[in-house]
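1. whatever this is, show me its structure:
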Amino acid sequence: MTSTSIILAIDLGTQSLRVSALTTAGERLWAWAHPVESVIDGHLFEQDPLQWAEFLETALAQAQLAGIRPDCIAVAAPLAGYVAMDENGQPLTQAITYADRRSAPYIDQVEAAVARRAQSNPNGLRAYVPDPLPQLLRLRGECPAVYQNTKKFLDATGWLNYYLTGESTLNSYTALRLYTDALRADLDVDASMFGRPVSIGETIGVLAPRLAARFNMRPVPVIAATFDSKCAYIASGIRKPGQAIDISGTVTSFGVLTESPFSDGQKRIYRVPYGEGAWLARGSTASSGGILEWARTQWLQTDFAALDADAVKTGPGADGLIFLPYLAGERSPLWNPHARGALLGMSLNTSRASVARAIYEGLAFAVGHIVSVMQECGIEVDDIRLAGGLSRNDTLSQIKADVLGKPLLRFRDAELTTLGLAVIASVALGAWPDHASASQAFNTIEKRFEPNMADHRIHALNFKRYCAYVAALEPTFIPGAPADSAAGGVMR
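-> Below you'll find the predicted structure:
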């Protein structure tokens, strides 16, 4: 395969579908994007897979008009996005996305099964709402008629790959969350419902004849990738222990490369394999960009430029305010979908600018909380690379550098998931020998944010207050609050 092969990268995010054409030499030829609608109601957070299909076909039509003739296709989507399908491949449910909390009552059931099977969880995974097993247990427990007619239960990445090829698959990294045969037997779960596990770079199948004919494309291979944040890690090119990446969009995913197969007895962070003799230490928040959108529209009623300006008006420490950014529950290190946000330390002198600053600092403290647990587990964090939509925000990026006391290096191209798809496909096509060498062709560092150590010392004191507030309020993060009343999902 030559170095000028063309990859069609399909990146479904929480807010939009992005489709790009890139060459294996790293050139971006064409791009298209369209917003994706979500239905949000209490615990419910759904999208329509048929709308995904509609927008995907629109993108393929636009690619045809642009003269794009891909040599392969690769797909990534958020963790979860599960769709129940009947024997004919038709959706029985809406797509249940990672922010949907209706599976929360089934987490303990999975955790109890893990505890009974001591060898089932070598990576220290913590069951949480977007995982395949809690999602399926909820479907079985709350929608038995739908469950009886369900032949496949595919995540968002798997569903899009099915639409393209007719093959039911599950990416290998999400498949880790199915644990072992023995554990699934304890839960009476048939792993085949989630599709055939496929390794990164494996050919799933070829583009379905109906799509190839309609959009004047050859029946090119569809290459297996993985969910969005994992694709972004692959594109980052991190290769030395201590190198880390902060991927911030709707949520923040933080990972650092380590040669140590560490274990956190409290399961606050976890690990996933990352090549021979290496692991990624991982942690993720439940919301980031969504919090700034909330602050802009619901709290401060302003635009993002004004929100930035307000945050800059107040110095480090936000005049004593501490913001806990748990508006969608929290993942690492709390793993509590019932966690709630709080703004603490207010007085009659509290200003709008102080509130804005506290919100920015709270997002940075949430990342710092993950990093502090990693360091407690003996994992070193050196420089940190930045990607995702929020990486374009200089104010937030500098505050993160100051809070963490580490240099932050921003990539030129923030769409690291799309680049990860291109890296994976390029290696699969034989254009590059490995992901590390391919990643260098697709992205470079654009800007470096050096920490202000005087500000870091102020943040270090406030981070202790942040952790103390979390410890004090965590016992109140329990089911039963009005906001925790379960909203009914609409099943097809």
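
2. which strands or helices does the strand or helix carrying residue 112 pack on?
-> Assigned by DSSP states H and E, residue 112 belongs to helix 107-116. Contacts defined by 3 or more CB pairs under 8 Å, 6 or more residues apart in numbering; DSSP states H and E place helix 107-116 against helix 132-142, helix 181-187. Glycine gets a C-beta too; all of them are placed from N, C-alpha and C.

3. which of the residues in it are buried?
-> Using 16 or more other CB atoms under 10 Å as the test for burial, helix 107-116 gives 107, 109-111, 113-114.

4. who's in contact with that helix?
-> Outside helix 107-116, the residues that touch it by CB atoms under 8 Å, 6 or more residues apart in numbering are 120-121, 126-129, 131, 133-134, 137, 179, 183, 186-187, 337.

5. got the angle for that helix vs helix 132-142?
-> 130 degrees (axes from the mean of the first three to the mean of the last three CA atoms, to 10 degrees).

6. tell me how far helix 107-116 lies from the chain's centre.
-> Relative to its chain's centre, helix 107-116 lies at 23 Å (CA atoms, centre = their mean, to the nearest Å).

7. winner for burial among the helices and strands packed on helix 107-116?
-> Mean neighbours per residue, mean count of other CB atoms under 10 Å, is largest over the helices and strands packed on helix 107-116 for helix 132-142, with a mean of 22.

8. just the CA atoms of it, as PDB, please.
-> Output of helix 132-142 as PDB, limited to C-alpha atoms (Å, rounded to 0.1, in the frame of the first residue of the first chain):
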ATOM      1  CA  PRO A 132     -21.500  -3.100  28.900                       C
ATOM      2  CA  LEU A 133     -22.500  -5.300  31.800                       C
ATOM      3  CA  PRO A 134     -24.500  -2.800  33.900                       C
ATOM      4  CA  GLN A 135     -26.200  -1.600  30.600                       C
ATOM      5  CA  LEU A 136     -27.300  -5.100  29.700                       C
ATOM      6  CA  LEU A 137     -28.400  -5.900  33.200                       C
ATOM      7  CA  ARG A 138     -30.600  -2.800  33.200                       C
ATOM      8  CA  LEU A 139     -32.100  -3.800  29.900                       C
ATOM      9  CA  ARG A 140     -32.900  -7.300  31.100                       C
ATOM     10  CA  GLY A 141     -34.200  -6.100  34.500                       C
ATOM     11  CA  GLU A 142     -36.300  -3.100  33.400                       C
END
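
9. gap between the closest residue to residue 187 other than its chain neighbours and residue 179?
-> In this structure, residue 187 finds its nearest non-sequential neighbour in residue 113, 5.5 Å apart by CB to CB, 6 or more residues apart in numbering. Per CB to CB, to the nearest Å, residue 113 is found 8 Å from residue 179.

10. anything in contact with each of those two?
-> With CB under 8 Å, 6+ apart, residue 113 and residue 179 have common neighbours residue 120.

11. circling back to that earlier point, can you list the helices and strands packed on helix 107-116 in JSON lines and add distance to residue 170 and mean pLDDT?
-> Shown next, in JSON lines, are those (distance: least, CB to CB, whole Å; pLDDT from 0 to 100):
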{"stretch": "helix 132-142", "distance to residue 170": "8", "mean pLDDT": "97"}
{"stretch": "helix 181-187", "distance to residue 170": "13", "mean pLDDT": "97"}
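
12. for those, which one sits closest to residue 461?
-> Nearest to residue 461 among those is helix 132-142; the distance by CB to CB comes to 38.3 Å.

13. so which elements touch the closest one?
-> strand 80-85, helix 107-116, helix 144-148, strand 152-154, helix 181-187.

14. as JSON lines, those with distance to residue 384 would be great.
-> Below are the helices and strands packed on helix 132-142 laid out as JSON lines (distance: least, CB to CB, whole Å):
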{"stretch": "strand 80-85", "distance to residue 384": "26"}
{"stretch": "helix 107-116", "distance to residue 384": "30"}
{"stretch": "helix 144-148", "distance to residue 384": "43"}
{"stretch": "strand 152-154", "distance to residue 384": "34"}
{"stretch": "helix 181-187", "distance to residue 384": "35"}
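
15. circling back to that earlier point, for the contacts of helix 107-116, which one is nearest residue 295?
-> residue 337 (21.2 Å).
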